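J.: Compute the structure for the input listed below.
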Amino acid sequence: MRTIITVSWVSFNHDPYERDKNGQYRLVDSQKTRGPTLEFLFGEGSPLAGKTEKHYVFVRVPQTPDQGLRDKDSTESEVAHELKREIAPFPDAPAVEIIPWHTDATPIDHAALFEFTVKALGNIRLKHPNSPIAVNLSPGTPAAQTVLLLALQARVAGDNVRAYQGTPQSKRLPGQSPLKEVPWDLFDTLSAKPSEIQTLRQRGEKWTLEKARSPKLREVSRLVSEYGGVPFPVLIIGARGTGKTTIARDLRKGFLKWQTPRSSHRPGPKGADGRQMEQEWSFHLNCAEFMGNPDMLRSTLSGYEPNTFTGANKQGKTGLLELAHNDCVFLDEIHWMDVSAQALLLLALQREGSIRRIGGDKSIPVKFRLIAATNRPFEVLRENLNADFLDRITDLVIELPELRDCAEDLDDIWESVLLRAYEELLNLDERRSQTPLDGLLSEFRPHRSQIVSALRSMRLPGNYRDLERLARRLIVAGLAGGRQVSMSGDTIKRELQRLRDAENSIDMPMTGPSSSLIDELPTQARCERFLRDVQATGASFPGDAAIEQWERRLLYAAQAVSGSGTKAAGLIGMHPRTFNLRLKTWNRKGGGAG
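T.: Model (predicted):
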């Protein structure tokens, strides 16, 4: 759909095709080379190709003819009309309107230029109040380009405007886009606070935890920095998709940096650019993989002697804890770890830690750092893990916030996720491996505010995974079979609505502070998934006990907050007599606040 309105000055020397000083078209291999306006509208890789509804051409028409412009007696007005004729035959050619500047002012009269430009841009916006406008800054005199940029800064055409600078075909590198977007909000940038200027300079770079602005993520960054250089166990707690694996990798980097001068651990290889490459981390297990098979988990952690059991390796096997000497072991979903494996780890985590291989009687010293992660709250950990083991792994704890609680960083995180998704595509697809990221950012930047605003209004139960899913879907939709991403407002709206629909199918929409506790209850979809797993094991889930536990925790929490039965009952909308009776029942059962 062609919806964009485009604007440019006519290029006296280069429109519609490149010219020599004598006014004749310059031929390369008997072919004419497109000038800046044709490249702007139709160039291969131009983000505007096939999207322009109407193109406006500004042209200076002197009242007294200029002298000595070139040997050929064509005028700027004639060049503009020639350009209009050349645009017409192109497929998806926009309508073209020439806006003349009847003047005797010189081409470098900034005041006169500004007066004409402001009036012309204002009239264009009046004709197209809701359309996006794209301005080509390349054609025209340097004075005309500067004044056009100033008019944009004055917001004569509003905020829904993008400015571009072109690169001539003869000077373009292979794979380089013919257009590069130019930031025009210069005054806002210069008047911003230093921290905001720094943030603007970081646009287009991957977001990292060190760049966080929200208080909760800044606290996580502080803890990662503090905990990175010590050998003690760390427990990472966070909902799904909050980046637990990334935090574990950051902790490992800090540990290895601290460990290197103190041990025989050597840094990994360097890349072609001379920078240190991240070392492969093979000491990473997900405890959920071993549900119902605790012996397999124990043998993976501790190893086994030759011929210990049917199917065992004849040479035996060295365990993960032994292999990870002076390195970190990352155990995800630690809440699924069975009791025997916890006991094994508890011995290994002692000051002079050691293990015994299955089938062996020899004590083997081990020296590693444990990093554990879970998406379960402490209450579940207390119920699922041995108290001694839980105490041992919770000396250092990092709790990760959900993205909906980090609104200050959502803008930067979204762009970083988008960049990573696109880089992943380029790495996997050789046909697009030379495609620059500039084109992607220029396509998404006009929609950035809309996307981030929509994301801030959602719960984002999948956190980073929701953003990754959205980024991949938008890139796939934008490619539409081509090499360059081309993004439209309709595509953005469709994919945002798709994300909302998926969110609503999983989580009931809740609003207001009184709903926050209900908001944290598992949804029907989650309950179904969990019960399918339970059913597959032939077990059953104590539903009555779960309901009782929720009531118990709610009653005791209300009492702790309010201090009296009547106020506590009122806090949760319960009759005081009912509240007191149920509280007495729990007191008789010996159920304290947990």
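J.: Quick check, Tyr304 in contact with Thr318.
T.: No. Taking contacts as Cβ atoms under 8 Å, Tyr304 lies outside contact range of Thr318: 9.3 Å. In short, each C-beta sits where N, CA and C put it, glycine included.
J.: Show me which of these two is the more surrounded one.
T.: Tyr304 (21 against 13; other Cβ atoms under 10 Å).
J.: Identify the residue spatially nearest to that one, adjacent ones excluded.
T.: Ile358 (4.0 Å; Cβ to Cβ, 6 or more residues apart in numbering).
J.: Angles on the backbone of that neighbour, please.
T.: When read as degrees, to the nearest 10, the backbone of Ile358 gives phi -60, psi 130.
J.: now Thr103
T.: Torsion angles at Thr103 (phi, psi; degrees, to the nearest 10) stand at phi -160, psi 160.
J.: what sits against it?
T.: 60-63, 112, 116 (Cβ atoms under 8 Å, 6 or more residues apart in numbering).
J.: Of the residues you listed - the most surrounded one?
T.: Ranked by neighbours (other Cβ under 10 Å), the contacts of Thr103 are led by Arg60, which has 24 neighbours.
J.: I'd guess that residue is in a strand, am I close?
T.: Yes. Counting by DSSP: H, G, I helix; E, B strand; the rest coil, Arg60 is found in a strand.
J.: who's in contact with it?
T.: Counting by Cβ under 8 Å, 6+ apart, Arg60 has contacts 76, 100-101, 103, 107.
J.: Generate TSV for these, with pLDDT as supplementary columns.
T.: Shown next, in TSV, are those (pLDDT from 0 to 100):
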residue	pLDDT
Glu76	84
Pro100	92
Trp101	91
Thr103	89
Pro107	83
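J.: and this protein, what are its domains?
T.: Split into domains by automatic domain parsing, the chain comes to 4-186, 215-265+279-399, 409-506, 542-594.
J.: pLDDT of the third one, averaged?
T.: This points to domain 409-506. Mean per-residue pLDDT for domain 409-506: 80.
J.: Then the last one?
T.: For domain 542-594, the per-residue pLDDT values average out at 80.
J.: Now find how far off-centre it is within its chain.
T.: Taking Cα atoms, centre = their mean, to the nearest Å, one finds domain 542-594 lying 42 Å from the centre of the chain it belongs to.
J.: that older thread, farthest-separated two in the contacts of Arg60?
T.: Pro100 and Pro107 (14.3 Å; Cβ to Cβ).
J.: pLDDT weak spots in the stretch 151-300 of the chain?
T.: For the stretch 151-300 of the chain, applying pLDDT under 70 flags the ranges 170, 174-175, 186-206, 260-280.
J.: Now for the residue most central in space within the chain: which residues touch it?
T.: The centre of the chain sits closest to Val417, judged by Cα atoms, centre = their mean, with a distance of 2.2 Å. By Cβ under 8 Å, 6+ apart, the contact list for Val417 reads 464, 467-468, 471.
J.: number of nearby residues for Gly23?
T.: Neighbours around Gly23, by other Cβ under 10 Å: 15.
J.: same question, Asp361
T.: Neighbour number of Asp361 under other Cβ under 10 Å is 7.
J.: count of residues packed around Glu226?
T.: The burial count for Glu226: 12, using other Cβ under 10 Å.
J.: Which of the helices or strands spans it?
T.: For Glu226, the host element (DSSP states H and E) is helix 215-228.
J.: can you pull the alpha-carbon coordinates of the lengthiest helix in the chain into PDB?
T.: Secondary structure of the chain per DSSP state H: the longest helix is helix 407-428. Written as PDB, here are the backbone C-alpha positions of helix 407-428 (Å, rounded to 0.1, in the frame of the first residue of the first chain):
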ATOM      1  CA  ALA A 407       9.300   0.500  31.800                       C
ATOM      2  CA  GLU A 408      12.300   2.800  31.700                       C
ATOM      3  CA  ASP A 409      14.400   0.200  29.800                       C
ATOM      4  CA  LEU A 410      11.700  -1.300  27.600                       C
ATOM      5  CA  ASP A 411      12.500   1.100  24.700                       C
ATOM      6  CA  ASP A 412      16.200   0.100  24.600                       C
ATOM      7  CA  ILE A 413      15.600  -3.600  25.300                       C
ATOM      8  CA  TRP A 414      13.100  -3.800  22.400                       C
ATOM      9  CA  GLU A 415      15.600  -2.400  19.900                       C
ATOM     10  CA  SER A 416      18.300  -4.700  21.200                       C
ATOM     11  CA  VAL A 417      16.000  -7.700  20.900                       C
ATOM     12  CA  LEU A 418      15.200  -6.600  17.300                       C
ATOM     13  CA  LEU A 419      18.900  -6.300  16.400                       C
ATOM     14  CA  ARG A 420      19.700  -9.700  17.900                       C
ATOM     15  CA  ALA A 421      16.800 -11.300  16.000                       C
ATOM     16  CA  TYR A 422      17.900  -9.800  12.700                       C
ATOM     17  CA  GLU A 423      21.600 -10.800  13.300                       C
ATOM     18  CA  GLU A 424      20.400 -14.300  13.900                       C
ATOM     19  CA  LEU A 425      18.600 -14.200  10.600                       C
ATOM     20  CA  LEU A 426      21.800 -12.900   8.800                       C
ATOM     21  CA  ASN A 427      24.000 -15.500  10.400                       C
ATOM     22  CA  LEU A 428      21.600 -18.300   9.300                       C
END
